Structure formats: structure tokens, C-alpha cells
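**Student:** whatever this is, show me its structure:
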Amino acid sequence: MESTCFKSACRLLWFLALMLVSWQLRASGQAAPSPETQRSSSEKPADVKAGSAETPYIFRLTTREVVVEVVATDEHNHPVTDLKETDFQIFEVAKHSPNSPRNIAAFHVIDPALAGAHVDAASGGFRVTSGGGCAMSATLHYELAYQPSPEGSTGGYHEILVATTRPHVRLSFRRRYYVGMTGVPPKPKVRSSTEVDDELKQAACRHPATPPSIALNAHLIQTASTDPLRYSLVVQPDSLAFTSISDEARRVQLDYGVCAFDEDGKPLRFWHTSAERVLSSEEYTLVLSGGFSNLVDMPRSGDPALVRFVVLDRETGNLGSIDVVTAPEGPVELSTAVKMPKDWESKQSEADRARLLSGNPGSFGSILPKPNSLCGDVYELPKGTRMLPSDFWNYGNNIDAVGALYTYSLNVPYQFLTEGLPGVTSRPEWFGIDYHGEFWVAVPGEYRFKLSSDDGAELFIDDKQLINEDGVHSPLTGERSIQLTAGRHTIHVPYFQETMHVALILQIKPPGADFKVFDVRDFGPPTQAR
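**Tutor:** Numbering: from 1, shown residues only. From the prediction side, this is the model:
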């Protein structure tokens, strides 16, 4: 017993000492370095190239690092894979002073074609994504980490600039990041319970209006079948600075919004609850080391496939969001997609097309993740958009993906869209979806693709544009053949919707076969059970 108490006391003293060092560093405008960033430069590989068999250098984030994802392409829009850390320069863009250069603290090349190439990112830190997670999980890119200045760590949006000394190379990256407000404002915004409920419902059942800054952990707790569903929700220690828990009064004033979804991503129900109390000194010490934990119960009615939790700090207005998949992940089944009528694209009238394709309304995808599927980042586009952006992640510099959709096939027949995209946005118009995926070919040869869309869409295979149907138009169909070798290939389908009718159908004609709806389950990796 004495040994246990002694160990606990030592851990507490170590933690308090660490907090003191971190406070002193913050006061001097510096950041407490993480164990990974304390490594000497000799421990990092000098050159980490795509395709290298060596395990790439991996770093973990701290709450003082900014991580920028950068995609590099040449003048022919082909990926540039051999850039080094010394080829990059990164700057903080100041409003009333010259741009401030920052030293690159960590450098990493991520090639999705390589196993284990993804960085094990911790929850903390200010992460600047070049686009949505779908694009970055499928695109070779570079991750640059740097320590922001004190001004770059304050609450609000911050602009950055990444440049390269390599000629004829174009960089795509997000030019701003968001930091949650810290500390209790002098006059917190007073909101009615109805306003809070509306904000939580928007954030939980669609997407947050403000970028989340509170990192969360959540998991389902096993209970009796007759009891409510119970979840453990934890505000992680790295995010306590973005909540009022970290003030001297040790107050907890959190609102929780919960939205349950079915397998199609449609909201089933929403409710919200609150946590209000003052922590004791002992509780506050435990929270600083392990985060703030709270149990959230929800009715067991229905059978939700996914539950989205949103936490709103009442004082600062900061948000946190996390999805918990509740449906068990089953085996990947082969597709049951039917063949399209051969003459559907030759019909001239909208009524004929609607008649031919009546029945299954189709879907752009579900928010429920699916293994080996097409993953589409969703963007809300400015009204009046007439063309696809050259790349969504660099579009307008200020548009973030509002969510992601997953689907095995693109089989949305010509129809009138009225309800938006469930679980992501209520917009039935002025949105874009940037689909990325991979597929495997067992039989090499000539494959013919056919893309039908309303409005603009493009098809890229292995980063080469195969079909271009950009612009605002009625249903339009294009097709083209390509020689594919046996093995892995990538597919990219950017799409945008202007107003009223939608359509997006991708078909494939393998060697010696007829056209059918392209379904990635029919082109799975060699190890996938057939």
C-alpha cells in the first residue's frame, strides 16, 4: 500500500513539474517540445522517397504544432514525389507586417500505395488539411510540421504560405487553419436554450458551423439489452485549454448534442443534454492528466448504425465532434449492380430519361464508413459556381470539406434532388463531391469507361484525365478506353451540382464483357474473398 501511494505521489509530482515547465515555455512564447520533435536531426532519414521500403519517419503532434498537408504537381499535373525538406519554405502570413518564416520541425512523405505510410497522428495540435480526409488518404502528399509563433497560436483563423525552391512545381494546400478560443471571454455570448439546441442539432446531424477545436474520445459501454445505450465521452487533456474547465474556478459547463443515423446516413433522432458542476481539487488534478469524462445515455429505440456526438463549451463557444460506428462491420460482398439500358443516354428529353431511370432514386453515398469503397469529400460551393475547381482542396483557399460520403458505386440516376446529402449538408444545390478510391485489375487489357453526369464531372484513372464533362449542363455522357495492367489502380471523380436535377453514373466495360455499373467490390485487392 505504501509503495502504491509513493508511486502515485511521484506521478503527481512529475505531472506538476511538467505543467510548470509547459507554463514557463508558454510564457516565453515557446512551445514544449514533444518527445518526437526532441530527436536529433541525425535520427531522421535524410531522404524519404515514395516507394522506399524503409519505414518513413513518423512524428506525433503536440498542441503547439501546425501540420500542413501539401500536394505537389508538375506542369503536366503529374505528382512530384522526390521533394525534400530543404525544397520547402513555410511562412505565417501577418496582416500588418512582413510574412514570418518558420522552421520545419518535422517532415514526412505519405504515399497511400505503400503499406504503413500513414502518420499516426495524435489528437492534439492544429492540423491544416489540404482537403478532406478522402483526398489526402488517396493522394501522395507531404506533411510539414512547424511551431507557430505566439500570434499564430491565438484563437481564430490564421493564414499560412508554403513555397518551394524547385522550379515548375505547383503546391496545393489549405492556406488557413483555425484555433479555438482560449480562456473565458470578458462577456460570454448569452444564448437561449433554443439557440444552443439549434446549433448542436446543426453540428451533430449535419456539420459544425465553426471548425471543431476540442478533441474527443468516445466508446460504447456494454449494458443490458433493456438498458439505454451508454457511451463514455472524454474531452482529451490537450483540448482543456479550449474549454472553461481550465479556468481557476474549475467549472464544467458543457452541452452535448447527439444525433443517431441509419445505414444510409439519414438522421433518426436528435437530443441534447448538459454537464454542469464545479470540480474539487482532486477531480481537477485527475482531469488535467486524463481529460474530462462524462457518461451519455441515449434511448435504445431503433438500431442506429452511427452516432455523432458534439460537445459545446458554453463559455468559449468551442466545439468538438466525433463519430462512433455502432453497426458491426460485415464482410465485403460482391456487387449486385444491374446493367444500364443501352439507349438511356441517347434519349433527348428529360422526361424520357426520368422514365427510363425511375425506381431506385440512387444515392451519392452514406456517412457510414465502408471498407474498400469510394470516399468523397463534400464541399458547399459558392452560389453561381459554373465549373469544377482545378482541385477542391485548393479551391478559393477558404472552403473546407463539411463531411465525407462512402459508396461502392456511382449510380445516381437523373432525378430532382430536394433533401441535400443526409448527415452532411441540407443543400440540394451548389455542392461538390470529390471522390477518391482504388481498384485492382486481375485481367489486363482494354477497359472502357462511361461517365454520365448532371452537372459537371470528370474521371481520372491513375492521375490521368480520361473523361471531361465539366460545366453546367443537362445529362451528358462521355466514354473512353484505357489499357490497364494487372494490379492496383487509382480512380478520382470530382463532381459538382448547380441547381435542380442531378445525375452521376459511372459504368465500365471490361475486356470481352458488356457495360455495367462500376463497383469497386468487383475489383477488390487480390487477398479479398471473392
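
**Student:** domains of this protein?
**Tutor:** Residue ranges for each domain of the chain read 1-30, 40-179, 193-325, 344-523, as given by automatic domain parsing.

**Student:** these: lowest mean pLDDT?
**Tutor:** Least confidently modelled of those is domain 1-30, at a mean of 40 by mean pLDDT.

**Student:** and stretch 260-280, what's buried?
**Tutor:** Residues 260-262, 265, 267-268, 270-272, 275, 279 are the ones in stretch 260-280 that count as buried (16 or more other Cβ atoms under 10 Å). Every C-beta, even on glycine, is put in place using the N, C-alpha and C of the backbone.

**Student:** can you give me the helices in the stretch 251-400 of the chain?
**Tutor:** 281-290, 350-356 (DSSP state H, counting those that start in this stretch).

**Student:** from the buried residues of stretch 260-280, which is closest to K509?
**Tutor:** Set against K509, the nearest of these by Cβ to Cβ is G265 (30.4 Å).

**Student:** I'd say the closest one and G420 touch.
**Tutor:** No: judged on Cβ atoms under 8 Å, G265 makes no contact with G420 at a distance of 11.1 Å.

**Student:** on that earlier part again, restricted to strands, list the buried residues of stretch 260-280.
**Tutor:** The strands, defined by DSSP state E, take in 260-261, 267-268, 270-272, 275 from those.

**Student:** where do the strands sit along the stretch 301-450 of the chain?
**Tutor:** Listed in chain order, the strands found in the stretch 301-450 of the chain under DSSP state E, counting those that start in this stretch are 306-313, 319-325, 374-380, 403-407, 411-416, 431-441, 445-454.

**Student:** can I get the ones in strands among the buried residues of stretch 260-280 in a markdown table with distance to K84?
**Tutor:** Putting those into a markdown table (distance: Cβ to Cβ, whole Å) gives the following:
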| residue | distance to K84 |
| --- | --- |
| A260 | 47 |
| F261 | 44 |
| P267 | 47 |
| L268 | 50 |
| F270 | 49 |
| W271 | 52 |
| H272 | 49 |
| A275 | 48 |
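
**Student:** nearest to V179, of the residues you listed?
**Tutor:** Comparing these against V179 with Cβ to Cβ picks out A275 as the nearest, at 23.8 Å.

**Student:** how much space separates the residue nearest to the closest one when sequence neighbours are not counted from R269?
**Tutor:** Distances taken as Cβ to Cβ, 6 or more residues apart in numbering place L254 nearest to A275, at 4.7 Å, with adjacent residues excluded. Taken as Cβ to Cβ, to the nearest Å, the spacing of L254 relative to R269 amounts to 21 Å.

**Student:** and for L216?
**Tutor:** Taking Cβ to Cβ as the criterion, L216 is separated from R269 by 20 Å.

**Student:** same deal with Y142?
**Tutor:** Separation of Y142 from R269 (Cβ to Cβ) stands at 43 Å.

**Student:** same check on I322?
**Tutor:** 18 Å.

**Student:** show me the contacts for S274.
**Tutor:** 253-256 (Cβ atoms under 8 Å, 6 or more residues apart in numbering).

**Student:** redo those as CSV? Include distance to Y284.
**Tutor:** Formatted as CSV, the entries for the contacts of S274 read as follows, by distance: Cβ to Cβ, whole Å:
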residue, distance to Y284
Q253, 15
L254, 15
D255, 20
Y256, 20
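
**Student:** which one of those has the most neighbours?
**Tutor:** Neighbour counts for the contacts of S274 were taken using other Cβ atoms under 10 Å; the highest belongs to L254, which has 24 neighbours.

**Student:** that one and L240 touch, don't they?
**Tutor:** No: with contacts counted by Cβ under 8 Å, L254 stays clear of L240, the gap being 11.6 Å.

**Student:** show me what contacts the residue nearest to E263 when sequence neighbours are not counted?
**Tutor:** Of all residues beyond its chain neighbours, the one nearest E263 is A305 (4.4 Å), with distances taken as Cβ to Cβ, 6+ apart. Under the criterion of Cβ under 8 Å, 6+ apart, the neighbours of A305 are 261-263, 325-327, 368.

**Student:** identify the farthest-apart pair in those.
**Tutor:** D262 and V325 (12.4 Å).

**Student:** ramachandran coordinates for the residue most central in space within the chain?
**Tutor:** By Cα atoms, centre = their mean, the mean C-alpha position of the chain lies nearest to G133, the distance being 3.5 Å. Backbone geometry at G133, expressed as degrees, to the nearest 10, gives phi -60, psi -30.

**Student:** surely T154 and V179 touch.
**Tutor:** Yes: checked against Cβ under 8 Å, the pair T154 and V179 is within contact range at 6.6 Å.

**Student:** give me the more crowded residue out of these two.
**Tutor:** For T154 versus V179, the count of surrounding residues by other Cβ under 10 Å is larger for V179: 21 against 12.

**Student:** does that one touch S153 like I think?
**Tutor:** Yes: look at V179 against S153 with Cβ under 8 Å: they come within range, at 6.4 Å.

**Student:** and the residue lying closest to A138 once chain neighbours are set aside, how far from P237?
**Tutor:** Of all residues not flanking A138 in the chain, H436 sits nearest, at 3.7 Å (Cβ to Cβ, 6+ apart). Computed as Cβ to Cβ, the H436 to P237 distance reads 33 Å.

**Student:** helices along the stretch 51-200 of the chain, start to end?
**Tutor:** Taking DSSP H, counting those that start in this stretch to define them, one finds helices in the stretch 51-200 of the chain at 133-138, 193-205.

**Student:** so which of these comes closest to A442?
**Tutor:** Across those, closest to A442 is helix 133-138 (Cβ to Cβ), at 21.0 Å.

**Student:** which other helices and strands does the closest one contact?
**Tutor:** When contacts are defined as 3 or more Cβ pairs under 8 Å, 6 or more residues apart in numbering; DSSP states H and E, helix 133-138 sits against strand 374-380, strand 431-441.

**Student:** can you give me the angle the shortest one makes with strand 431-441?
**Tutor:** Strand 374-380 runs at 170 degrees relative to strand 431-441, counting by axes from the mean of the first three to the mean of the last three Cα atoms, to 10 degrees.

**Student:** start at 47 instead
**Tutor:** All set: I'll call the first residue 47, so the last point we hit is now strand 420-426.

**Student:** ok, and what's touching strand 420-426?
**Tutor:** Outside strand 420-426, the residues touching it (Cβ under 8 Å, 6+ apart) are 177-181, 183-184, 410-411, 438-439, 441, 445-456, 467, 470-471, 473, 476-483, 537, 539, 566.

**Student:** S499 contacts A549, correct?
**Tutor:** Yes: A contact is recorded between S499 and A549 when judged using Cβ under 8 Å, the distance being 5.8 Å.

**Student:** give me the common contacts of these two.
**Tutor:** When contacts are counted by Cβ under 8 Å, 6+ apart, S499 and A549 have P521 as shared neighbours.
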